[in-house]
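A.B. asks: below is the sequence, then the predicted model.
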Protein chains: 2
Amino acid sequence: MKSFDIPIPTLKRLPLYYQHLLIARERGEKVMSSTDLGEAIGSAPEQVRKDLSFLSGQGKSRVGYDIDKLISIIETYLGLMLHKEAVIIGAGNLGHALALYPGFSQYGLKIIALFDNDAKKIGEKVGKLKVLHVDDLADYIKNQSIRIAILTTPPESARQIAPQLVNSGIKAIWNFSTAHLVVPEDVLVRNVDLSLELGVISHYISGLDRISLIK
Amino acid sequence: MKSFDIPIPTLKRLPLYYQHLLIARERGEKVMSSTDLGEAIGSAPEQVRKDLSFLSGQGKSRVGYDIDKLISIIETYLGLMLHKEAVIIGAGNLGHALALYPGFSQYGLKIIALFDNDAKKIGEKVGKLKVLHVDDLADYIKNQSIRIAILTTPPESARQIAPQLVNSGIKAIWNFSTAHLVVPEDVLVRNVDLSLELGVISHYISGLDRISLIK
DNA sequence: TAGATTGTTAATCGATTAACAATC
DNA sequence: TAGATTGTTAATCGATTAACAATC
């Protein structure tokens, strides 16, 4: 799963550029310099130019980047226009929030089903979606040719379900559980453990206390 | 805000180690090697040893790390035992999910209030918390000496509120909005933009399509 | 003692930043 | 033309990985 032709950090900045370009276009702007784009997302202009050079830079000296053109280049490069369907496994609070998260559609991601193993939740409505039983998950994925799964279950369930997902044809797992998933090479796993940020935040806050003790 | 004595990636792995050590302790285990710890979180043993060396390595050759000791070292280092109170601004789906997220208390984080500017939401119950009006935010933070704020509002609101938070004494902002916040040096901002992962996922999925087209 | 495992130094890798020639 | 801005190469920085001596 390593054959990226572009650094992951760059890949994560592209959506940011994209958002700001959309806003600028909305405002009627036509071109944008690397300096302005960088400022908008909090990066240096060199960073922006470097990032954009991966997608065959299209800027014009003295002018900047053509907003329309750059938008469509990023769309093509990331495959944003592609219709990407995903399922959520785990209909808890986080699953709900993600199912209803408004930002995803901008990137072509559409949540089309939620699964849970809790009988009480089956049939429950989340937005326009109904919660389905996890027993039907494998068939559903196969029949609908889903390739993206979002995991918001407890870690043990996540570990159990991951192989099923892979067997059913899932190619990308967005893992919100704390479980470390082991999957074949050709399956992308992106881990988002919200708690990890607490390592940084907690250390920072407790550092403040330490300083104030010394003073 | 740069004066970390330890790499951020390490800081984010410490909570992972911590979790696995807790589990191991639960199982009655006494010591754990860097190899085992690494395996649990998907890192190399060298990585583990390197990380732990930042907190004055406490392992024993031929034996491994004393689980009890390491747990308490990490707790001290990250300030996990510190009682850290936080407010959430934005009582939408994500705000709800975070308010009810079970994983935070393990790290000493306690959400004690939710704020919103939508009159319809004020007074609404989220778990045991009531949604308060954002007009009362500054006073609340000052009176309760809150230092951590979690932002789950739309980007424009986030940008507006950030200076207020800083003025009221907030020292760490966990920013789930897409806004790029500009704050004084001594305020920590941790950005979590869920959409950014979609850059990586979308690119990967569309890469699969590209390959299958070629074949 | 012999061997496993740590802690640390050095080598590698990769991303960011700086510099600057090319260009519009 | 002069000057601003790109695109790219080189230098720097920082984190990961490898190697190995120290140690229990």
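C.D. replies: Right, received. Where do you want to start?
A.B. asks: do stretch A:136-153 and chain B meet?
C.D. replies: Yes. Using C-beta under 8 Å from any C-beta of the partner chain, stretch A:136-153 reaches chain B at A:R147, A:I148. Yep, even glycine has a C-beta here, placed from its N, CA and C like the rest.
A.B. asks: for chain A, what lies in contact range of DNA strand C?
C.D. replies: Contact residues, chain A versus DNA strand C (C-beta under 7 Å from any atom of the strand): A:7-10, A:43-44, A:46-47, A:49-50, A:60-63.
A.B. asks: what do you get if the cut-off is 10 Å, keeping everything else the same?
C.D. replies: A:2, A:4, A:6-13, A:34, A:38, A:42-51, A:53, A:59-63 (C-beta under 10 Å from any atom of the strand).
A.B. asks: SS state for the residue nearest the centre of chain A?
C.D. replies: Computing the C-alpha centroid of chain A and ranking residues by C-alpha atoms, centre = their mean puts A:W174 first, at 7.5 Å. When classified by DSSP: H, G, I helix; E, B strand; the rest coil, A:W174 comes out as strand.
A.B. asks: just A:Q19 next, same as before
C.D. replies: helix.
A.B. asks: do I have it right that A:D51 meets A:K12?
C.D. replies: No. With contacts counted by C-beta atoms under 8 Å, A:D51 stays clear of A:K12, the gap being 10.0 Å.
A.B. asks: between the two, who's got more neighbours?
C.D. replies: Higher neighbour count among A:D51 and A:K12: A:D51, with 23 against 16, using other C-beta atoms under 10 Å in any protein chain shown.
A.B. asks: tell me the mean pLDDT over the one helix or strand A:P15 maps to?
C.D. replies: A:P15 is part of helix A:8-26 when elements are defined by DSSP states H and E. Across helix A:8-26, pLDDT averages out at 96.
A.B. asks: the next helix or strand after it near DNA strand D at all?
C.D. replies: Once helix A:8-26 ends, the next helix or strand along the chain (criterion: DSSP H and E) is strand A:31-32. Yes. Strand A:31-32 lies within reach of DNA strand D by C-beta under 10 Å from any atom of the strand, at A:V31, A:M32.
A.B. asks: for the helix or strand just after strand A:31-32, name the packing helices and strands.
C.D. replies: Using DSSP H and E, the helix or strand that follows strand A:31-32 in sequence is helix A:34-41. Judged by 3 or more C-beta pairs under 8 Å, 6 or more residues apart in numbering or on different chains; DSSP states H and E, the packing partners of helix A:34-41 are helix A:8-26, helix A:45-53.
A.B. asks: in the helix or strand of chain A with the lowest mean pLDDT, what's buried?
C.D. replies: Sorted by mean pLDDT, DSSP states H and E, the helices and strands of chain A end with helix A:194-214, the least confident at a mean of 86. Buried residues in helix A:194-214, counting neighbours by 16 or more other C-beta atoms under 10 Å in any protein chain shown, are found at A:194-207.
A.B. asks: is any residue of that helix near DNA strand D?
C.D. replies: No. Helix A:194-214 stays clear of DNA strand D (C-beta under 10 Å from any atom of the strand), getting no nearer than 11.7 Å.
A.B. asks: how about the residues of chain A by DNA strand D?
C.D. replies: A:31-38, A:45-66, A:70.
A.B. asks: go with 7 Å
C.D. replies: A:33-35, A:45-46, A:49-50, A:52-53, A:57-65.
A.B. asks: just the CA atoms of stretch A:186-198, as CSV, please.
C.D. replies: Only the C-alpha atoms of stretch A:186-198 are listed here, as CSV (Å, rounded to 0.1, in the frame of the first residue of the first chain):
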residue,chain,number,x,y,z
ASP,A,186,-3.8,-3.5,-1.3
VAL,A,187,-6.3,-2.2,1.2
LEU,A,188,-5.9,1.3,2.5
VAL,A,189,-6.5,1.9,6.2
ARG,A,190,-6.7,5.4,7.5
ASN,A,191,-6.8,5.6,11.2
VAL,A,192,-8.4,8.5,13.0
ASP,A,193,-8.2,8.1,16.7
LEU,A,194,-9.6,11.2,18.3
SER,A,195,-8.0,10.4,21.6
LEU,A,196,-4.5,10.7,20.2
GLU,A,197,-4.8,14.4,20.0
LEU,A,198,-5.4,14.3,23.7
